[in-house]
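Chemist: Below: sequence and its predicted model.
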Amino acid sequence: MIAEMKYIYGPIPSRRLGQSLGVDPIPLKTCNWNCVYCQLGRSVPLNNKRDEYVPREAVIEQLKATLDAHQPGEIDYISFVGSGEPTLHIGLGWMIRQVKSMTDIPVAVITNGSLLYLAEVRNELAAADVVMPTVVAGSKDLYKRINRPHPDITFGRIAEGLISFREEFLGELWVEVMLIKGLNDTVAALRELATALRSVQPDEVHITLPTRPPSETWVEPPDEESVLRATAILGDIAHVVLPGGGEFDLGGYDNVVDAVIGIITRHPMSQSQLEMALQKWDPAQVDEALIRLSANGQARRITRLNRVFWTASTSHFPEEEESLMTAPGARLPHLQHA
(Lines give C-alpha, C1' and ligand atoms only; values in the text may rest on other atoms or scores of the structure.)
Protein backbone atom coordinates (compact mmCIF):
# COMPACT_ATOMS: atom_id res chain seq x y z
CA MET A 1 0.00 0.00 0.00
CA ILE A 2 1.14 3.56 -0.75
CA ALA A 3 1.57 5.90 2.20
CA GLU A 4 0.60 9.57 1.98
CA MET A 5 2.91 11.50 -0.33
CA LYS A 6 3.35 15.24 -0.04
CA TYR A 7 5.14 15.89 -3.32
CA ILE A 8 4.10 12.93 -5.50
CA TYR A 9 0.59 12.19 -6.75
CA GLY A 10 -1.04 9.72 -9.09
CA PRO A 11 -0.56 8.19 -11.49
CA ILE A 12 -3.51 10.10 -12.92
CA PRO A 13 -5.01 10.09 -16.43
CA SER A 14 -3.38 12.91 -18.36
CA ARG A 15 -5.04 14.27 -21.47
CA ARG A 16 -1.57 14.40 -23.01
CA LEU A 17 0.67 11.86 -21.28
CA GLY A 18 -1.37 8.75 -20.57
CA GLN A 19 -0.92 7.53 -17.00
CA SER A 20 1.18 10.32 -15.54
CA LEU A 21 2.94 10.20 -12.17
CA GLY A 22 2.98 13.79 -10.95
CA VAL A 23 5.95 15.45 -9.22
CA ASP A 24 4.92 18.66 -7.50
CA PRO A 25 7.91 20.77 -6.34
CA ILE A 26 5.96 23.99 -5.81
CA PRO A 27 3.47 25.11 -3.11
CA LEU A 28 -0.12 25.74 -4.19
CA LYS A 29 -0.47 28.66 -6.63
CA THR A 30 3.17 29.72 -6.48
CA CYS A 31 3.09 31.10 -9.99
CA ASN A 32 4.05 34.12 -12.10
CA TRP A 33 0.86 33.91 -14.17
CA ASN A 34 -2.74 34.39 -13.04
CA CYS A 35 -4.50 32.71 -15.97
CA VAL A 36 -8.23 33.23 -16.38
CA TYR A 37 -8.62 29.51 -17.13
CA CYS A 38 -6.47 28.06 -14.33
CA GLN A 39 -8.03 24.96 -12.78
CA LEU A 40 -6.46 25.80 -9.41
CA GLY A 41 -8.00 29.25 -9.03
CA ARG A 42 -6.35 32.65 -8.93
CA SER A 43 -2.65 33.27 -8.19
CA VAL A 44 -2.62 35.90 -5.43
CA PRO A 45 -0.03 37.28 -5.11
CA LEU A 46 2.00 36.63 -8.25
CA ASN A 47 5.45 35.23 -7.52
CA ASN A 48 8.41 35.33 -9.91
CA LYS A 49 11.22 34.33 -7.54
CA ARG A 50 13.21 31.13 -8.13
CA ASP A 51 13.82 29.39 -4.81
CA GLU A 52 14.10 26.06 -2.99
CA TYR A 53 10.37 25.93 -2.25
CA VAL A 54 10.37 22.31 -1.09
CA PRO A 55 13.38 20.13 -0.18
CA ARG A 56 14.57 18.49 -3.39
CA GLU A 57 15.93 15.41 -1.57
CA ALA A 58 12.49 14.72 -0.05
CA VAL A 59 10.89 14.92 -3.48
CA ILE A 60 13.26 12.30 -4.88
CA GLU A 61 12.87 10.04 -1.82
CA GLN A 62 9.09 10.05 -2.20
CA LEU A 63 9.35 9.46 -5.93
CA LYS A 64 11.60 6.43 -5.42
CA ALA A 65 9.16 4.96 -2.87
CA THR A 66 6.26 5.47 -5.27
CA LEU A 67 8.08 3.88 -8.20
CA ASP A 68 8.94 0.88 -6.01
CA ALA A 69 5.22 0.43 -5.26
CA HIS A 70 4.16 0.27 -8.93
CA GLN A 71 4.52 -2.44 -11.53
CA PRO A 72 6.27 -1.86 -14.88
CA GLY A 73 3.86 -0.44 -17.43
CA GLU A 74 1.60 1.29 -14.89
CA ILE A 75 3.27 4.68 -15.43
CA ASP A 76 3.71 6.23 -18.88
CA TYR A 77 5.44 9.47 -17.84
CA ILE A 78 6.91 11.11 -14.77
CA SER A 79 5.67 14.68 -15.02
CA PHE A 80 6.93 17.75 -13.21
CA VAL A 81 3.74 19.74 -12.85
CA GLY A 82 1.22 20.47 -10.18
CA SER A 83 0.35 23.29 -7.85
CA GLY A 84 2.34 26.11 -9.46
CA GLU A 85 5.04 26.85 -12.04
CA PRO A 86 7.71 24.12 -11.69
CA THR A 87 10.57 26.18 -13.18
CA LEU A 88 10.35 28.48 -10.16
CA HIS A 89 12.05 25.71 -8.15
CA ILE A 90 15.78 26.37 -8.33
CA GLY A 91 16.58 22.67 -8.02
CA LEU A 92 14.44 21.50 -10.94
CA GLY A 93 17.39 20.50 -13.11
CA TRP A 94 18.93 18.45 -10.30
CA MET A 95 15.64 16.64 -9.71
CA ILE A 96 15.19 15.83 -13.41
CA ARG A 97 18.69 14.36 -13.57
CA GLN A 98 18.06 12.28 -10.46
CA VAL A 99 14.90 10.85 -12.00
CA LYS A 100 16.72 9.99 -15.23
CA SER A 101 19.33 8.07 -13.20
CA MET A 102 16.60 6.06 -11.41
CA THR A 103 14.30 4.91 -14.19
CA ASP A 104 13.79 4.60 -17.94
CA ILE A 105 10.31 6.12 -17.69
CA PRO A 106 10.36 9.33 -19.76
CA VAL A 107 10.27 12.68 -17.97
CA ALA A 108 7.95 15.49 -18.99
CA VAL A 109 7.90 19.05 -17.70
CA ILE A 110 4.64 20.96 -18.03
CA THR A 111 5.46 24.65 -17.75
CA ASN A 112 4.04 28.00 -18.71
CA GLY A 113 7.36 28.67 -20.46
CA SER A 114 7.71 32.07 -18.82
CA LEU A 115 11.32 31.57 -17.68
CA LEU A 116 12.73 30.02 -20.83
CA TYR A 117 14.43 33.33 -21.61
CA LEU A 118 16.83 32.44 -18.77
CA ALA A 119 19.76 30.30 -19.95
CA GLU A 120 19.92 28.56 -16.56
CA VAL A 121 16.32 27.36 -16.90
CA ARG A 122 16.87 26.13 -20.46
CA ASN A 123 19.94 24.20 -19.25
CA GLU A 124 17.95 22.61 -16.42
CA LEU A 125 15.22 21.43 -18.77
CA ALA A 126 17.72 19.94 -21.25
CA ALA A 127 17.63 16.51 -19.57
CA ALA A 128 13.84 16.11 -19.93
CA ASP A 129 12.32 13.99 -22.69
CA VAL A 130 9.32 16.24 -23.27
CA VAL A 131 8.78 19.89 -22.40
CA MET A 132 5.29 21.34 -22.75
CA PRO A 133 5.12 25.14 -22.59
CA THR A 134 1.84 27.03 -22.87
CA VAL A 135 1.24 29.51 -25.69
CA VAL A 136 -2.26 30.94 -25.94
CA ALA A 137 -1.76 34.19 -27.83
CA GLY A 138 0.25 35.70 -30.66
CA SER A 139 -0.10 39.28 -29.46
CA LYS A 140 0.92 41.20 -26.35
CA ASP A 141 -2.57 42.43 -25.54
CA LEU A 142 -4.23 39.01 -25.73
CA TYR A 143 -1.38 37.42 -23.77
CA LYS A 144 -1.90 39.93 -20.95
CA ARG A 145 -5.68 39.47 -21.06
CA ILE A 146 -5.55 35.67 -20.77
CA ASN A 147 -2.38 34.93 -18.75
CA ARG A 148 -2.34 38.08 -16.55
CA PRO A 149 1.44 37.72 -15.99
CA HIS A 150 3.87 39.12 -13.45
CA PRO A 151 5.16 42.47 -14.80
CA ASP A 152 8.63 41.01 -15.41
CA ILE A 153 7.26 38.32 -17.76
CA THR A 154 6.71 40.27 -20.95
CA PHE A 155 5.41 38.92 -24.24
CA GLY A 156 8.80 39.64 -25.80
CA ARG A 157 10.58 37.54 -23.20
CA ILE A 158 8.15 34.67 -23.75
CA ALA A 159 8.82 34.69 -27.51
CA GLU A 160 12.57 35.04 -27.02
CA GLY A 161 12.70 32.15 -24.58
CA LEU A 162 10.66 29.76 -26.71
CA ILE A 163 12.78 30.38 -29.81
CA SER A 164 16.05 29.96 -27.91
CA PHE A 165 14.84 26.80 -26.21
CA ARG A 166 13.77 25.26 -29.51
CA GLU A 167 17.24 25.89 -30.95
CA GLU A 168 18.93 24.15 -28.00
CA PHE A 169 16.54 21.41 -26.85
CA LEU A 170 17.07 17.91 -28.25
CA GLY A 171 13.87 16.39 -26.85
CA GLU A 172 10.23 16.76 -27.87
CA LEU A 173 8.70 20.24 -27.67
CA TRP A 174 4.91 20.07 -27.40
CA VAL A 175 3.13 23.40 -27.20
CA GLU A 176 -0.18 23.55 -25.34
CA VAL A 177 -2.84 25.94 -26.62
CA MET A 178 -5.79 26.51 -24.29
CA LEU A 179 -8.72 27.71 -26.40
CA ILE A 180 -11.19 30.08 -24.73
CA LYS A 181 -14.49 31.10 -26.25
CA GLY A 182 -14.48 34.69 -27.46
CA LEU A 183 -10.81 35.33 -26.71
CA ASN A 184 -8.35 33.30 -28.76
CA ASP A 185 -10.66 31.16 -30.92
CA THR A 186 -11.27 33.75 -33.65
CA VAL A 187 -9.66 33.56 -37.09
CA ALA A 188 -7.60 36.69 -36.40
CA ALA A 189 -6.35 35.46 -33.02
CA LEU A 190 -5.51 32.01 -34.38
CA ARG A 191 -3.58 33.44 -37.31
CA GLU A 192 -1.55 35.64 -34.95
CA LEU A 193 -0.86 32.57 -32.83
CA ALA A 194 0.18 30.55 -35.88
CA THR A 195 2.63 33.28 -36.88
CA ALA A 196 4.19 33.20 -33.42
CA LEU A 197 4.42 29.40 -33.35
CA ARG A 198 5.99 29.26 -36.79
CA SER A 199 9.11 30.84 -35.26
CA VAL A 200 9.13 28.25 -32.47
CA GLN A 201 8.65 25.15 -34.67
CA PRO A 202 7.17 22.82 -32.03
CA ASP A 203 6.99 19.09 -32.66
CA GLU A 204 3.32 19.02 -31.71
CA VAL A 205 0.54 21.47 -30.87
CA HIS A 206 -1.86 20.23 -28.20
CA ILE A 207 -5.22 21.97 -28.23
CA THR A 208 -6.91 21.86 -24.85
CA LEU A 209 -10.21 23.24 -23.58
CA PRO A 210 -11.23 24.52 -20.13
CA THR A 211 -13.06 21.36 -19.09
CA ARG A 212 -11.83 21.54 -15.50
CA PRO A 213 -13.06 24.44 -13.32
CA PRO A 214 -11.62 27.71 -14.64
CA SER A 215 -10.59 30.45 -12.25
CA GLU A 216 -13.07 32.92 -13.73
CA THR A 217 -16.76 32.10 -14.01
CA TRP A 218 -17.12 33.64 -17.47
CA VAL A 219 -14.52 31.36 -19.12
CA GLU A 220 -16.12 28.84 -21.47
CA PRO A 221 -14.82 26.30 -23.98
CA PRO A 222 -15.29 27.18 -27.66
CA ASP A 223 -17.77 25.37 -29.87
CA GLU A 224 -16.83 22.50 -32.17
CA GLU A 225 -16.55 24.78 -35.20
CA SER A 226 -13.94 26.90 -33.42
CA VAL A 227 -11.93 23.82 -32.45
CA LEU A 228 -11.96 22.62 -36.05
CA ARG A 229 -10.88 26.09 -37.20
CA ALA A 230 -7.98 26.06 -34.75
CA THR A 231 -6.97 22.59 -35.89
CA ALA A 232 -6.89 23.73 -39.51
CA ILE A 233 -4.93 26.94 -38.89
CA LEU A 234 -2.44 25.53 -36.40
CA GLY A 235 -2.10 22.31 -38.40
CA ASP A 236 0.06 24.22 -40.85
CA ILE A 237 2.65 24.64 -38.08
CA ALA A 238 2.84 21.16 -36.56
CA HIS A 239 0.86 18.00 -35.90
CA VAL A 240 -2.20 18.95 -33.86
CA VAL A 241 -3.31 16.73 -30.98
CA LEU A 242 -6.80 16.87 -29.48
CA PRO A 243 -6.28 15.04 -26.17
CA GLY A 244 -9.01 12.95 -24.58
CA GLY A 245 -9.89 12.22 -21.00
CA GLY A 246 -9.45 9.27 -18.69
CA GLU A 247 -10.34 7.74 -15.35
CA PHE A 248 -8.76 8.40 -11.97
CA ASP A 249 -7.44 5.36 -10.11
CA LEU A 250 -7.42 5.43 -6.29
CA GLY A 251 -6.43 1.80 -5.90
CA GLY A 252 -3.57 0.91 -3.58
CA TYR A 253 -3.75 3.85 -1.19
CA ASP A 254 -3.94 3.42 2.58
CA ASN A 255 -6.33 6.35 3.00
CA VAL A 256 -8.65 7.16 0.12
CA VAL A 257 -9.51 10.62 1.47
CA ASP A 258 -5.83 11.58 1.56
CA ALA A 259 -5.43 10.20 -1.98
CA VAL A 260 -8.35 12.29 -3.26
CA ILE A 261 -7.05 15.44 -1.57
CA GLY A 262 -3.61 14.83 -3.06
CA ILE A 263 -5.17 14.72 -6.53
CA ILE A 264 -7.70 17.56 -6.31
CA THR A 265 -5.06 19.94 -4.94
CA ARG A 266 -3.44 19.73 -8.39
CA HIS A 267 -6.28 18.43 -10.60
CA PRO A 268 -9.85 19.25 -9.52
CA MET A 269 -12.30 16.41 -10.12
CA SER A 270 -15.92 16.70 -11.18
CA GLN A 271 -18.52 15.12 -8.92
CA SER A 272 -19.07 12.33 -11.46
CA GLN A 273 -15.31 11.65 -11.82
CA LEU A 274 -14.94 11.45 -8.05
CA GLU A 275 -17.89 9.11 -7.62
CA MET A 276 -16.60 6.88 -10.44
CA ALA A 277 -13.14 6.71 -8.88
CA LEU A 278 -14.59 5.91 -5.45
CA GLN A 279 -16.84 3.26 -6.99
CA LYS A 280 -13.77 1.52 -8.45
CA TRP A 281 -11.96 1.80 -5.11
CA ASP A 282 -14.76 0.31 -2.96
CA PRO A 283 -18.40 0.35 -4.15
CA ALA A 284 -19.66 -0.20 -0.60
CA GLN A 285 -17.97 2.89 0.81
CA VAL A 286 -18.72 5.63 -1.76
CA ASP A 287 -21.20 7.51 0.43
CA GLU A 288 -19.02 7.18 3.53
CA ALA A 289 -15.95 8.44 1.63
CA LEU A 290 -17.85 11.50 0.36
CA ILE A 291 -18.99 12.30 3.91
CA ARG A 292 -15.43 11.98 5.20
CA LEU A 293 -14.14 14.17 2.39
CA SER A 294 -16.72 16.87 3.16
CA ALA A 295 -15.86 16.79 6.86
CA ASN A 296 -12.10 16.79 6.30
CA GLY A 297 -11.81 20.56 5.83
CA GLN A 298 -9.20 20.31 3.07
CA ALA A 299 -11.66 19.95 0.19
CA ARG A 300 -14.63 21.95 -1.04
CA ARG A 301 -17.17 22.02 -3.84
CA ILE A 302 -17.31 24.77 -6.45
CA THR A 303 -19.53 25.27 -9.48
CA ARG A 304 -18.03 26.02 -12.89
CA LEU A 305 -19.23 25.24 -16.43
CA ASN A 306 -22.62 24.27 -14.92
CA ARG A 307 -21.00 21.37 -13.08
CA VAL A 308 -19.89 20.66 -9.53
CA PHE A 309 -16.15 20.15 -8.98
CA TRP A 310 -14.09 19.18 -5.93
CA THR A 311 -10.96 21.24 -5.29
CA ALA A 312 -8.62 22.14 -2.43
CA SER A 313 -10.20 24.35 0.24
CA THR A 314 -7.20 26.72 0.04
CA SER A 315 -7.65 27.48 -3.68
CA HIS A 316 -9.06 30.88 -4.62
CA PHE A 317 -12.04 30.68 -6.94
CA PRO A 318 -13.88 34.03 -7.01
CA GLU A 319 -17.65 34.31 -6.84
CA GLU A 320 -19.64 35.30 -9.93
CA GLU A 321 -19.79 39.06 -9.23
CA GLU A 322 -16.06 39.36 -8.54
CA SER A 323 -15.14 37.21 -11.52
CA LEU A 324 -17.28 39.17 -14.00
CA MET A 325 -15.15 42.24 -13.26
CA THR A 326 -12.36 40.52 -15.23
CA ALA A 327 -14.48 39.45 -18.22
CA PRO A 328 -13.71 40.71 -21.76
CA GLY A 329 -14.72 44.35 -21.96
CA ALA A 330 -14.22 44.92 -18.25
CA ARG A 331 -11.29 46.90 -16.93
CA LEU A 332 -8.32 44.71 -15.98
CA PRO A 333 -7.98 44.56 -12.18
CA HIS A 334 -4.81 45.51 -10.35
CA LEU A 335 -2.85 42.35 -9.58
CA GLN A 336 -0.59 41.89 -6.59
CA HIS A 337 2.86 40.52 -7.24
CA ALA A 338 5.84 39.46 -5.22
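Modeler: Arrived safely, thanks for sending.

Chemist: Contact partners for Arg50?
Modeler: Thr87, Leu88, His89, Ile90, Leu115 (C-beta atoms under 8 Å, 6 or more residues apart in numbering). Every C-beta, even on glycine, is put in place using the N, C-alpha and C of the backbone.

Chemist: now with 7 Å?
Modeler: Counting by C-beta atoms under 7 Å, 6 or more residues apart in numbering, Arg50 touches Leu88, Ile90.

Chemist: mind checking pLDDT for it?
Modeler: Each residue has a pLDDT score; the one for Arg50 is 97.

Chemist: now do Pro213
Modeler: With respect to pLDDT, Pro213 scores 87.

Chemist: which residues does the closest residue to it other than its chain neighbours bridge with?
Modeler: Excluding the flanking residues, the one nearest Pro213 by C-beta to C-beta, 6 or more residues apart in numbering is Arg304, at 3.6 Å. Arg304 has the following beta-bridge partners by DSSP bridges: Arg307.

Chemist: Now that Val107 has come up, it's in contact with Ser101, right?
Modeler: No. Counting by C-beta atoms under 7 Å, Val107 does not reach Ser101; the two are 11.0 Å apart.

Chemist: Pick out whichever of those two has more residues nearby.
Modeler: Using other C-beta atoms under 10 Å as the criterion, Val107 and Ser101 rank with Val107 on top: 22 against 9.

Chemist: give the contact list for the more buried one.
Modeler: Val107 neighbours (C-beta under 7 Å, 6+ apart): Ile78, Ile96, Val99, Lys100, Ala128, Asp129.

Chemist: What sits closest to the fourth one if chain neighbours are left out?
Modeler: Right, the one you point to is Lys100. Ala127 is the one closest to Lys100 (C-beta to C-beta, 6+ apart), at 5.7 Å.

Chemist: sec struct for that neighbour, please.
Modeler: At Ala127 the chain is in coil, as set by DSSP: H, G, I helix; E, B strand; the rest coil.

Chemist: Offset the numbering so it begins at 38, please.
Modeler: With the count now opening at 38, the last piece we talked about shows up as Ala164.

Chemist: I'd like the distance between it and Ala95.
Modeler: Ala164 sits 20 Å away from Ala95 when distances are taken as C-beta to C-beta, to the nearest Å.

Chemist: Of the two, which one has the most company?
Modeler: Set side by side, Ala164 and Ala95 show more neighbours around Ala164, with 20 against 12, by other C-beta under 10 Å.

Chemist: Correct me if wrong: that one contacts Gln135.
Modeler: No. Taking contacts as C-beta under 7 Å, Ala164 lies outside contact range of Gln135: 9.8 Å.

Chemist: quick one: the strands in this protein?
Modeler: 45-51, 55-60, 114-117, 144-148, 167-170, 209-215, 241-245, 276-278, 306-307, 336-341, 344-349 (DSSP state E).

Chemist: Show me how far the last one is from its chain's centre.
Modeler: Mean-position distance between strand 344-349 and its chain equals 16 Å (C-alpha atoms, centre = their mean, to the nearest Å).

Chemist: can you list the weak-confidence ranges in the stretch 38-187 of the chain?
Modeler: Scanning the stretch 38-187 of the chain for pLDDT under 70 picks out 38-41.

Chemist: Helices of that one, residue ranges please.
Modeler: 93-105, 129-139, 156-162, 177-184 (DSSP state H, counting those that start in this stretch).

Chemist: Please convert those helices to TSV, extending it with distance to Glu253.
Modeler: Formatted as TSV, those follow (distance: least, C-beta to C-beta, whole Å):
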stretch	distance to Glu253
helix 93-105	31
helix 129-139	29
helix 156-162	28
helix 177-184	10
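
Chemist: which stretch among those comes nearest Pro239?
Modeler: helix 156-162 (14.4 Å; C-beta to C-beta).

Chemist: Give me the contact list for that closest one.
Modeler: With C-beta under 7 Å, 6+ apart, helix 156-162 has contacts from Thr124, Leu129, Gly130, Ile133, Val146, Leu152, Leu153, Val168, Ser201, Phe202, Glu205.

Chemist: make it 8 Å
Modeler: 124, 129-131, 133, 146, 148, 152-153, 168, 198, 201-202, 205-206.

Chemist: Could you do stretch 227-238 as well?
Modeler: 172-176, 179, 196, 199-200, 203, 210, 212, 214, 221, 242, 266-267, 270-271, 273-275.
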